[in-house]
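Peer 1: This is the structure alone, sequence omitted:
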RNA sequence: GGCGCGUUGGUGUAACUGGUUAACACGCCGCCCUCUCAAGGCGGAGAGCACGGGUUCGAGUCCCGUACGCGCUACCA
């Protein structure tokens, strides 16, 4: 185990956001690659917003993605005393000061701008910055409320090497004397992250680019605390198609990873997709990577600087999420090893009540045959229920698509006679195999002077209720003799 | 407003330290295969690299400016 220690530090919002998921993934990949430690820390200092339920959504998302953490979950709220202690140290060494200025009211945007402007110069203008110790003591004595602010140096600059964005520097004059501790003693974000990251020995801070400018403030806090500054790597953001920030409120369920779980995504596929959003491996066109390959190839240098768009389409149900994610999921379902796929299919069938234990015992071979037929056309795991129902039920409780019935059954009245005859012919087959079934059907068609296609399409609809699906003879073999016969006779009534 | 970051086809990305008609994947269109739908194979449309200047024999690659987007500018995180 190397000394690399990284963390994913989401706030408990009740769900894991795709952007957060990618941040978690990159931290995880980096940790695994360097045999380091991946830590989960819940940033729950905004106490009103956090509850166990809110945390659960995050944990569920990480679990589904398979991003296991080595330490945690830690809760930032458990470290409040450490945050305060850090502030006391900064107060003692003069890197922070108590500010008695009244709290600004900033309701509308206009006021906010003015205040922002003022804030930047506040350390120069702030009357509290250089208050005499006796006065501070006296006002405190009187019970005047105060916040603790960082005493940002008047000159100089902060700088760091970002693994993604390169050399970053900022003039200290551009940095306001930020508040560390609220007047109620509540620690604020920039303080908390730094103290926690120090406490947890974080070596690499890998997080969203929205923290790029905060980093300068945080560096100042590290310095005020006399602690070494970790490495930083800022990730480009994942944006909505209109380039706006992704938000659950505005964009709905597409932003939550549990949506993908529930929609039948293969975790590896979603991880693969996420990995390629803002990152590309060096020197290859390859797009499909196992986790092991991702870990091996991952490097901070391959991270893109510009934001990526998550290309979902709210008005197109077929492309409800990024088409490439959908494609990748289908690709995984189609090509992944059967032994990896079957547990996922099992879970799906259990969910929909179609599962039978014999599928992993005496009917295992048959089951895998059916799965391999269905997987060819599946986009999501839920398709094993929708497309798969005809394979897994004995009765006629699969849905008959009206258009299919019309096109493949009702269009040719002769089928009313032909289907039962075909059924009887199938019934007489002693060896009910793919090839025998095909020979029989084609011979039957010739004998009756009809095109094989007519019977093939009719049979497909009889067996599955659909107009589309696998090659008919594979299907017939998978459905088996008895159900084929019964379904053909049943379908004759629909003609 | 200030400061910072970014900008290659619809989307995700590639293009060694500047050097042939800007590559790959998804999506889209067409053809082939075929009992349907997929998958697969083949082919096509789609960017001249945000825009404008400059440096250079030569720039997506370097420099400057502009525009646009995003972030920070809270006693939010």
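Peer 2: Received the coordinates, thanks. This structure is a prediction, so every number in the text was calculated from the model and none was measured.

Peer 1: From here on, just use CA atoms for contacts and neighbour counts.
Peer 2: Will do.

Peer 1: Let me see the contact set for whichever residue of the stretch 251-400 of chain A sits closest to RNA strand B.
Peer 2: Proximity of the stretch 251-400 of chain A to RNA strand B (Cα to the nearest atom of the strand) peaks at residue A:278, 2.6 Å away. By Cα atoms under 8 Å, 6 or more residues apart in numbering, residue A:278 lies in contact with A:235-236, A:303-308.

Peer 1: Correct me if wrong, but residue A:97 is in a strand.
Peer 2: Yes. Assessed with DSSP: H, G, I helix; E, B strand; the rest coil, residue A:97 lies in a strand.

Peer 1: how close does it get to residue A:222?
Peer 2: 16 Å (Cα to Cα, to the nearest Å).

Peer 1: ok, these two, which is more surrounded?
Peer 2: residue A:97 (26 against 19; other Cα atoms under 10 Å).

Peer 1: That one touches residue A:129, doesn't it?
Peer 2: Yes. Residue A:97 is within contact range of residue A:129, at 6.4 Å (criterion: Cα atoms under 8 Å).

Peer 1: shared neighbours, those two?
Peer 2: Counting by Cα under 8 Å, 6+ apart, the common neighbours of residue A:97 and residue A:129 are residue A:151.

Peer 1: Name all residues that make contact with residue A:246.
Peer 2: Residue A:246 touches A:238-240, A:255, counting by Cα under 8 Å, 6+ apart.

Peer 1: do the one helix or strand residue A:160 maps to and RNA strand B meet at all?
Peer 2: Here residue A:160 sits within strand A:157-162, counting by DSSP states H and E. No. Strand A:157-162 is not in contact with RNA strand B by Cα under 7 Å from any atom of the strand; minimum separation 9.7 Å.

Peer 1: which strands and helices sit next to that strand?
Peer 2: strand A:166-171, helix A:212-224, strand A:231-235 (3 or more Cα pairs under 8 Å, 6 or more residues apart in numbering; DSSP states H and E).

Peer 1: Give the partner strands of the first one in its sheet and their orientations.
Peer 2: Paired strands of strand A:166-171, with direction, are strand A:157-162 (antiparallel) (DSSP bridges).

Peer 1: which stretches of chain A form strands?
Peer 2: Secondary structure of chain A (DSSP state E): strands at A:5-8, A:37-42, A:71-75, A:96-99, A:147-150, A:157-162, A:166-171, A:179-181, A:204-208, A:231-235, A:238-239, A:308-309.

Peer 1: So, low pLDDT: which residues of chain A?
Peer 2: A:1, A:46-50, A:104-125 (pLDDT under 70).

Peer 1: One more pass at 80, please.
Peer 2: Chain A contains residues with pLDDT under 80 at A:1-2, A:45-51, A:103-126.

Peer 1: Name the residue most distant from the centre of it?
Peer 2: residue A:447 (56.6 Å; Cα atoms, centre = their mean).

Peer 1: Distance of it relative to residue A:416?
Peer 2: 17 Å.

Peer 1: Report the separation between residue A:51 and residue A:82.
Peer 2: From residue A:51 to residue A:82 the distance is 22 Å (Cα to Cα).

Peer 1: Run through the residues that contact residue A:181.
Peer 2: So residue A:181 contacts A:84, A:87, A:147-149, A:187-188 (Cα under 8 Å, 6+ apart).

Peer 1: rerun that using 10 Å as the cut-off
Peer 2: Residue A:181 is in contact with A:83-84, A:87, A:98, A:146-150, A:187-189, A:191-192, counting by Cα atoms under 10 Å, 6 or more residues apart in numbering.

Peer 1: got it, and residue A:394?
Peer 2: A:479, A:482-483, A:486-487.

Peer 1: Same question for residue A:56.
Peer 2: By Cα under 10 Å, 6+ apart, the neighbours of residue A:56 are A:12-16, A:62.

Peer 1: Swap in 7 Å and give it another go.
Peer 2: Going by Cα atoms under 7 Å, 6 or more residues apart in numbering, residue A:56 touches residue A:14.

Peer 1: I'd like to know how far it sits from residue A:16.
Peer 2: Applying Cα to Cα to residue A:56 and residue A:16 gives a distance of 9 Å.

Peer 1: for residue A:154, same thing?
Peer 2: 40 Å.

Peer 1: With residue A:457 instead?
Peer 2: 45 Å.

Peer 1: same check, this time on residue A:353
Peer 2: 28 Å.

Peer 1: higher neighbour count, these two?
Peer 2: residue A:16 (27 against 11).

Peer 1: give me phi/psi at the more buried one?
Peer 2: phi -100, psi 120 (degrees, to the nearest 10).

Peer 1: highest average neighbour count across the helices and strands packed on strand A:157-162?
Peer 2: strand A:231-235 (a mean of 22; mean count of other Cα atoms under 10 Å).

Peer 1: Residue A:77 is nearest to which of the helices and strands packed on strand A:157-162?
Peer 2: helix A:212-224 (18.8 Å; Cα to Cα).

Peer 1: Next one: that closest one, is it in contact with RNA strand B?
Peer 2: Yes. Interface with RNA strand B: helix A:212-224 contributes A:212-214 (Cα under 7 Å from any atom of the strand).

Peer 1: How far off centre is that helix?
Peer 2: 29 Å (Cα atoms, centre = their mean, to the nearest Å).

Peer 1: Then stretch A:16-34?
Peer 2: 10 Å.

Peer 1: Identify the residues contacting it?
Peer 2: With Cα under 7 Å, 6+ apart, stretch A:16-34 has contacts from A:2, A:4-8, A:37-38, A:57-58, A:61, A:67, A:206-208, A:237-238, A:255-257, A:274-275, A:295-296, A:298.

Peer 1: same check, this time on stretch A:470-484
Peer 2: So stretch A:470-484 is in contact with A:370, A:373, A:391, A:394, A:426-427, A:432-434, A:437-438, A:456, A:460, A:463, going by Cα under 7 Å, 6+ apart.

Peer 1: what residues does the stretch 201-350 of chain A put near RNA strand B?
Peer 2: Going by Cα under 7 Å from any atom of the strand, the residues of the stretch 201-350 of chain A near RNA strand B are A:209-214, A:237, A:241, A:243-245, A:276-283, A:285-287, A:302-311, A:322-325, A:327.

Peer 1: Kindly write the PyMOL command that selects the buried subset of the residues you listed.
Peer 2: One line in PyMOL is enough to select the buried ones among these; burial here means 16 or more other Cα atoms under 10 Å:
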select buried, chain A and resi 209+212+237+241+276+277+278+279+280+281+303+304+305+308+309+310+311+322+325
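
Peer 1: residue ranges for the helices of the stretch 51-200 of chain A, please.
Peer 2: A:52-65, A:80-92, A:109-125, A:133-141, A:189-199 (DSSP state H, counting those that start in this stretch).

Peer 1: Of those helices, which stretch is the most buried?
Peer 2: Of the helices of the stretch 51-200 of chain A, helix A:189-199 is the most buried (mean count of other Cα under 10 Å), at a mean of 20.

Peer 1: quick one, that helix and strand A:71-75 angle?
Peer 2: Angle of helix A:189-199 versus strand A:71-75, following axes from the mean of the first three to the mean of the last three Cα atoms, to 10 degrees, is 150 degrees.

Peer 1: wait, does helix A:189-199 contact RNA strand B?
Peer 2: Yes. Using Cα under 7 Å from any atom of the strand, helix A:189-199 reaches RNA strand B at A:189-190.

Peer 1: Can you check what angle separates that helix from helix A:212-224?
Peer 2: 60 degrees.

Peer 1: Now do helix A:189-199: everything it contacts.
Peer 2: A:83, A:180, A:218, A:222.
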